[in-house]
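Participant: sequence plus predicted model, see below.
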Amino acid sequence: MSLAIGPGQRLEDSVSDGSSHPDSSLAGDLRRATGLNVAACYQCGKCSAGCPMAAEMPLKPHQMLRLAQLDLRDELLSDPSPWLCLTCETCTARCPNEVDPARLIDGLREIVFKSGSAVAPLRLRAFHKAFLRQIRRHGRVFEVGLIVDYKRRTGALFDDVLSAPAVFRRGKLALSPSNIEGRDEVRRIFEACGQAAARKEVHS
Amino acid sequence: MKLGYFPGCSLHSTAKEFDLSLKAVAGPLDVELEEIHDWSCCGSSSAHATDHLLSIALAARNLSLAEQQGLSQVMAPCAACFSRLATARHEMAHDEEQAELVRPMLARPFKNAVEVQNVVALLQGLAGRIKAKATPLTGLKVACYYGCLLVRPPEVAQFDDPEDPTSMEQVVAATGATAVRWSRRLDCCGAGFSLSRVGSVVRLGRAILEDAKASGAQAVVVACPMCHSNLDLRQSAMEARRASLGLPILFLTQLVGLALKLDPASLGLERHFVSAVGVMRALAAPAPQQLPATRG
Ligand code: SF4
Ligand code: SF4
């Protein structure tokens, strides 16, 4: 896919201008999710040059931002690339225009995740879901529970070493969860965040 | 010196030896660690990859507990926990709209008055004391590996130079060991995908360890439990069909403990997959009894 601006299409047509009227573009969604302005990216490519996952990404970080600027929502949100970002923050530390690509990519995932769309790679989505469930249940992460839940969600025979006896022998995995006293408090945080997200949907 | 302590989930499980070695060196260095009562998970990458508000609120709960406990500083040894807590502190101070959403979610008053510190900064501040008490680890060459979250993003971490940090090297110098010069010390090891995308983890980790090895290091020193478990546990996969790496991965606290002549077992040195026996031999210290690495 060409990332150039098509004939008759001006950059200003596709890039949100930062004004406050409700904006249904992807740039607008990103602004609401992250407070950041994707139009600030001037496509120097430095983020992609230092990205450890660029080699595995169909769309490099600067290309993801370009698609967002051009409001090519379906192309971008159906691509696995945002899910291949490790949030290592190298791009954000190096971006000459303080665009904060790492946070914007987080925002893209958040938009996809909340839409319930199935494009998020199953294993990654399953991992996040299983991880958050541990926190919601126990207040802390119980690795064995995490592994079992992750396996259940992916159907994948769990890869390997982490469930090996050698790991247990080193005392590296607790055998039972440690439940915190403030579990209700944590559950309420989850609920309140869910409600805040729902309100945001309604208002946008 | 009294310091709030946020161990985080990893230090209670896969990185137990980070917790053990930190507590072992705290005494000799006159640091009193007071654990945050009833702390909860910082949310880690799963919270911020899916719901930013949740990631801030989960981390802020811990800051509010620390505040309630009268602590002015909290030290989070895990680089990811440190990053999440520091991000929450930063955003609660700079994003009022979001802070207004988060405050009512916390079950107690919250002034955002607790500073967040990482273990490298703590040990850097104690370098003089370490040096005074150390039996120098002369002859041991180590590669200091920072990874991502100790230094990035800079305005959150507020720690060292994000492209050319020196704090770990300063701690290593205080132990009498030598820090080698190498280039991949700030690269990401891929820990976020430790379960979900092992191929990437192996590719990234291998590049890091091959560089450390080529620079003459006998061990790699880390301050992040996820970097540790990646580089230690997955090292055999990184070696598959290639030259052996054989690089023990030590927590910075373990290295300091060795310099303070603490018992290797109290530092959890036998818990690693890549044996630290070579390191001990280089130091002419009694080697710990290694646990079998085979998958039984
Ligand atoms: S480094 Fe910054 S300005 Fe350059 S392409 Fe990446 S996000 Fe855009
Ligand atoms: S944060 Fe994501 S996009 Fe940025 S450099 Fe790291 S892996 Fe690449």
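Facilitator: That came through, no problem. Ligands and ions are numbered 1, 2, ... in the order given.
Participant: and the gap between A:Leu132 and B:Thr50?
Facilitator: In this view, A:Leu132 and B:Thr50 are 7 Å apart by CB to CB, to the nearest Å. For the C-beta atoms, the positions are set from N, CA and C on the backbone; glycine is no exception.
Participant: what residues does the residue of the stretch 101-250 of chain B found nearest ligand 1 make contact with?
Facilitator: Ranking the residues of the stretch 101-250 of chain B by distance to ligand 1 (CB to the nearest ligand atom) places B:Pro153 first, at 12.9 Å. The contact partners of B:Pro153, taken as CB atoms under 8 Å, 6 or more residues apart in numbering or on different chains, are A:89, A:92-93, A:100, A:102, B:162.
Participant: now A:Asp149
Facilitator: A:130, A:133-134 are the contacts of A:Asp149 under CB under 8 Å, 6+ apart.
Participant: on that earlier part again, and the two most separated of the contacts of B:Pro153?
Facilitator: Spatial extent of the contacts of B:Pro153 (CB to CB) is set by the pair A:Asp100 and B:Pro162 at 13.9 Å.
Participant: look at the two and report which has more neighbours.
Facilitator: A:Asp100 (24 against 20; other CB atoms under 10 Å in any protein chain shown).
Participant: could you report the pLDDT at that one?
Facilitator: As predicted, A:Asp100 sits at a pLDDT of 96.
Participant: can you tell me how far it is from chain B?
Facilitator: 8 Å (CB to the nearest CB, to the nearest Å).
Participant: so that residue makes contact with A:Gly35?
Facilitator: No - using CB atoms under 8 Å, A:Asp100 is not in contact with A:Gly35; the gap is 9.4 Å.
Participant: among the contacts of A:Asp149, which ones are in helices?
Facilitator: The helices, defined by DSSP state H, take in A:130, A:133-134 from those.
Participant: run a quick neighbour tally on A:Ala192.
Facilitator: Applying other CB under 10 Å, we find 18 residues neighbouring A:Ala192.
Participant: apart from its neighbours in sequence, what residue is nearest it?
Facilitator: Excluding the flanking residues, the one nearest A:Ala192 by CB to CB, 6 or more residues apart in numbering or on different chains is B:Met105, at 4.6 Å.
Participant: okay, now the unreliable bits of chain A?
Facilitator: Within chain A, the ranges that satisfy pLDDT under 70 run A:1-22, A:118, A:156-172, A:175, A:201-204.
Participant: could you pull out the helices for it?
Facilitator: Going by DSSP H, chain A shows helices at A:11-14, A:26-34, A:46-49, A:61-69, A:73-77, A:90-94, A:101-115, A:122-138, A:143-154, A:165-169, A:183-203.
Participant: what would those helices look like in a markdown table with distance to ligand 1?
Facilitator: As requested, the helices of chain A are exported to a markdown table (distance: least, CB to the nearest ligand atom, whole Å):
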| stretch | distance to ligand 1 |
| --- | --- |
| helix A:11-14 | 14 |
| helix A:26-34 | 13 |
| helix A:46-49 | 3 |
| helix A:61-69 | 4 |
| helix A:73-77 | 15 |
| helix A:90-94 | 6 |
| helix A:101-115 | 4 |
| helix A:122-138 | 23 |
| helix A:143-154 | 32 |
| helix A:165-169 | 39 |
| helix A:183-203 | 25 |
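Participant: nearest to B:Ser275, of the ones you listed?
Facilitator: For the helices of chain A, the distance to B:Ser275 is smallest for helix A:165-169, at 12.5 Å, taking CB to CB.
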